[in-house]
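Build me a structure from this.
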Amino acid sequence: QVQLVESGGGLVQPGGSLRLSCAASGRITSIYSMGWFRQAPGKQRELVASITKGGSRNFMDFVQGRFTISIDNAKNTVYLQMNSLKPEDTAVYYCTADRFRAIASGGDYDYWGQGTQVTVSS
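Residues are numbered from 1 along each chain as shown. The predicted structure follows:
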C-alpha cells in the first residue's frame, strides 16, 4: 500500500504564495509521475500540474507563469509552488501519483492523497 501525504495548505491573501508538498510512502515499487488536482466547491476536480520522474512538466493554462512543480525522486516527494494566488485558486488540492502513466486531465490514477485546503482571501 502506498500513501500520499499532502502538507502546506492554508489561508493566504490575494497575491501571496504557498508551497504544497506531497510525500509518497509505503510499498513504493515505482512511480512514473506525480501531480496535483484541485476541486473548488460546486466544481469538478481539475488538473493543475504534473511532472514525470524524468522532469517533463505539464501545466494548465490558468496557472502558467504563477505555479511551478518540482520533484525530489530520492524522497518520492512532489512540490507545488504557488505564487500570485487569486481568490479563484481557492480549492482542495489533491496529490496523485501513477506507476506507469503521465498524469493528465483525465484518468483514474493509482494513488491519491486526502487533500489539503487552500483558501485565498483578504
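
Could you work out the end-to-end span of stretch 47-64 for me?
13 Å (CA to CA, to the nearest Å).

Just checking: what are the partner strands of the one helix or strand residue 71 maps to?
In the assignment (DSSP states H and E), residue 71 maps to strand 67-72. Sheet pairing of strand 67-72 (DSSP bridges) gives strand 77-82 (antiparallel).

Give me the residues contacting the partner strand.
Here strand 77-82 makes contact (CB atoms under 8 Å, 6 or more residues apart in numbering) with 17-24, 34-36, 48-49, 51, 63, 66-72, 89, 93, 95, 97, 118. Yep, even glycine has a C-beta here, placed from its N, CA and C like the rest.

And the strands in the chain?
Along the chain, counting by DSSP state E, strands occupy 2-7, 10-12, 18-26, 33-39, 46-52, 57-59, 67-72, 77-82, 91-98, 111-112, 116-120.

pLDDT on the last one, on average?
It refers to strand 116-120. Per-residue pLDDT over strand 116-120 has a mean of 98.

Can you spell out which helices and strands pack onto it?
strand 10-12, strand 18-26, strand 91-98 (3 or more CB pairs under 8 Å, 6 or more residues apart in numbering; DSSP states H and E).

Dump it to PDB, keeping only the CA atoms.
This file holds the C-alpha atoms of strand 116-120, laid out as PDB (Å, rounded to 0.1, in the frame of the first residue of the first chain):
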ATOM      1  CA  THR A 116      -5.200  20.000   1.600                       C
ATOM      2  CA  GLN A 117      -7.300  23.100   1.700                       C
ATOM      3  CA  VAL A 118      -6.000  26.300   0.100                       C
ATOM      4  CA  THR A 119      -8.000  29.500   0.700                       C
ATOM      5  CA  VAL A 120      -7.200  32.800  -0.900                       C
END
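
Excluding covalently adjacent residues, which one is nearest to residue 67?
Nearest non-adjacent residue to residue 67, counting by CB to CB, 6 or more residues apart in numbering: residue 82, 5.1 Å away.
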